[in-house]
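Q: what follows is a protein structure lacking sequence information:
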């Protein structure tokens with residue numbers, strides 16, 4: 001956008017014949033002139049005060065480090081002291097019309113001609129609207145660029161204006177929206193240190209309180225996860241119990257506690273927490289896989305298979321679930337079912353050692369051979385574009401590998417990433 005806009009101006013030197021009240025042309029400086037729409041070259045009749053001001057505004061908007069920036073700024077303000085207000089009104093109108101590119105140039109010009117916290121916030125707000133618009137259009141690249149521009153603009157405002165309460169408030173809200181709670185907390189604390197008492201300050205105090213609780217909860221969840229990975233189930237149970245007491249309607253706490261309880265051999269208690277996850281709306285393959293492990297440990301093999309079947313229905317490409325089902329059916333000599341899931345698991349796993357081992361065991365027990373994977377060579381021609389695209393999509397899906405672990409004895413389970 002910047003480069004495109006700057007390509008529409010030409011620099012010339014002109015004599016000081018263009019004058020007005022409070023301004024004049026410096027014949028020693030190259031002056032930017034806006035090209036007429038659609039033109040690629042500048043004619044003598046195109047040079048006017050309006051074209052010069054338009055060219056200067058483009059440079060002011062996009063090249064704040066231009067060596068003659070201050071000269072251009074002084075010139076346009078001398079030509080029209082009310083120009084920033086007019087540009088701001090025009091920018092708001094273009095923003096409402098969703099002409100975001102033009103609005104950006106106008107807001108940038110206002111911000112650079114007359115730097116204020118308000119013009120900074122107006123520009124940042126425009127970028128946030130652009131991010132929402134890009135998200136609606138599923139333009140991920142543009143959304144990311146716009147969000148980064150929002151943050152950069154507000155941070156630039158802090159560099160210019162110091163600990164400005166309005167900008168700190170905007171940054172706190174932005175980082176909270178982005179899920180960066182530690183950053184939001186920092187900006188909120190800085191805001192509260194400089195803001196005057198009032199309704200807005202009370203709102204920010206309430207937001208800080210909610211964010212502080214969320215950070216504390218996140219730390220408990222992280223501590224619980226780390227404890228599980230370090231095989232410290234008791235610490236994990238303690239942390240998740242504390243989390244659940246403050247967040248009784250959040251399924252994550254129950255799932256992590258169930259995982260720790262299952263690893264500690266407390267299968268009945270783990271099942272209660274897993275069923276609570278389902279009651280709270282989290283019917284995922286991981287939940288049903290954990291339930292199957294608990295039932296298997298308590299000797300309920302058929303119920304364990306039922307739970308795994310449910311998990312497979314929810315996530316047909318979950319290698320952990322498929323391999324666990326194949327394992328159970330193979331152990332129970334249900335060879336048709338075992339082969340069905342081994343075929344599916346082999347397709348997803350490639351050369352996975354565990355799947356290869358189960359296939360070898362199946363072939364030894366059944367006396368039947370599971371054939372090699374068929375690899376098709378795709379020959380491109382002008383008529384098979386759609387077919388080739390479909391095959392490539394299938395191949396891409398097959399590359400996703402799910403971690404899974406089989407333990408000695410009857411229990412087959414996995415640790416959650």
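A: On my side now, so go ahead. Quick caveat: nothing in here was measured; it's all calculated off a predicted structure.

Q: can you pull the contacts of residue 261?
A: 233, 237, 267, 269-270, 273 (CB atoms under 8 Å, 6 or more residues apart in numbering). For the C-beta atoms, the positions are set from N, CA and C on the backbone; glycine is no exception.

Q: pretty sure it sits in a helix.
A: Yes - assessed with DSSP: H, G, I helix; E, B strand; the rest coil, residue 261 lies in a helix.

Q: what's the pLDDT at it?
A: Looking at residue 261, its pLDDT reads 96.

Q: try residue 169
A: On the pLDDT scale, residue 169 gets 95.

Q: number of nearby residues for the nearest residue to it once chain neighbours are set aside?
A: Ranked by CB to CB, 6 or more residues apart in numbering and with sequence neighbours excluded, the top spatial neighbour of residue 169 is residue 191, at 5.2 Å. The local packing count at residue 191 equals 26, with neighbours defined by other CB atoms under 10 Å.

Q: was I right about residue 191 contacting residue 175?
A: No - counting by CB atoms under 8 Å, residue 175 is not a contact partner of residue 191; they are 11.7 Å apart.

Q: show me the shaky parts of the stretch 251-400 of the chain.
A: Along the stretch 251-400 of the chain, the model assigns pLDDT under 70 to residues 350, 371-400.

Q: tell me where it has helices.
A: 251-263, 267-279, 285-297, 301-314, 319-331, 335-349, 353-366, 385-398 (DSSP state H, counting those that start in this stretch).

Q: and the angle from the longest one to helix 319-331?
A: For helix 335-349 against helix 319-331, the angle by axes from the mean of the first three to the mean of the last three CA atoms, to 10 degrees is 150 degrees.

Q: I'd like to know which elements helix 335-349 is packed against.
A: helix 319-331, helix 353-366 (3 or more CB pairs under 8 Å, 6 or more residues apart in numbering; DSSP states H and E).

Q: would you mark the buried spots in it?
A: 335, 337-339, 341-342, 344-349 (16 or more other CB atoms under 10 Å).

Q: helices along the stretch 101-250 of the chain, start to end?
A: In the stretch 101-250 of the chain, the helices defined using DSSP H, counting those that start in this stretch lie at 117-136, 140-161, 165-177, 181-194, 199-229, 233-246.

Q: give me every residue that touches residue 214.
A: residue 181.

Q: from the helices of the stretch 101-250 of the chain, which stretch is densest packed?
A: helix 165-177 (a mean of 21; mean count of other CB atoms under 10 Å).

Q: show me what that helix is packed up against.
A: helix 117-136, helix 140-161, helix 181-194, helix 199-229.

Q: the inter-axis angle of it versus helix 181-194?
A: 160 degrees.

Q: what residues does helix 165-177 touch?
A: 117-118, 120-121, 124, 128, 150-151, 154-155, 157-158, 161, 181, 183-184, 187-188, 190-191, 194-196, 200, 204, 207, 211.

Q: chain center to it, what's the gap?
A: For helix 165-177, the separation from the chain centroid amounts to 18 Å (computed by CA atoms, centre = their mean, to the nearest Å).

Q: next, the angle from that helix to helix 117-136.
A: Going by the same axes, to 10 degrees, helix 165-177 makes 20 degrees with helix 117-136.

Q: okay, the angle between helix 165-177 and helix 140-161?
A: Using the same axes, to 10 degrees: helix 165-177 against helix 140-161 is 150 degrees.

Q: distance between the ends of stretch 130-144?
A: Terminal residues of stretch 130-144 are spaced 10 Å apart (CA to CA, to the nearest Å).

Q: could I get the average pLDDT for that stretch?
A: 94.

Q: quick check: which ranges of the stretch 101-250 of the chain have low pLDDT?
A: If you take pLDDT under 70 as the line, the stretch 101-250 of the chain has no such spans.

Q: now with 90?
A: Scanning the stretch 101-250 of the chain for pLDDT under 90 picks out the ranges 176, 179-182, 199, 203, 206-207, 209-225, 246-247, 250.

Q: out of the helices and strands packed on helix 335-349, deepest packed?
A: Scoring the helices and strands packed on helix 335-349 by mean count of other CB under 10 Å, the most buried comes out as helix 319-331, with a mean of 24.

Q: report the angle between the helix or strand residue 87 falls within and helix 117-136.
A: Using DSSP states H and E, residue 87 sits in helix 83-96. Going by the same axes, to 10 degrees, helix 83-96 is angled at 20 degrees with respect to helix 117-136.

Q: and helix 83-96, what's buried?
A: Neighbour-count burial for helix 83-96 flags 83-84, 87-88, 90-91, 94-95 (criterion: 16+ other CB under 10 Å).

Q: now for the residues you listed, which pair is the farthest apart?
A: 83 and 95 (18.2 Å; CB to CB).

Q: quick revisit: out of the helices and strands packed on helix 335-349, which comes closest to residue 5?
A: Closest among the helices and strands packed on helix 335-349, using CB to CB: helix 319-331, at 51.2 Å.

Q: rewinding a little: would you list the helices and strands packed on helix 335-349 in a markdown table and tack on distance to residue 300?
A: Shown next, in a markdown table, are these (distance: least, CB to CB, whole Å):
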| stretch | distance to residue 300 |
| --- | --- |
| helix 319-331 | 12 |
| helix 353-366 | 22 |
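
Q: if we can go back for a sec, of all the buried residues of helix 335-349, which two lie farthest apart?
A: 335 and 348, at 20.5 Å, using CB to CB across the buried residues of helix 335-349.

Q: okay, now residue 58: neighbour count?
A: 22.

Q: repeat for residue 79
A: Neighbours around residue 79, by other CB under 10 Å: 17.
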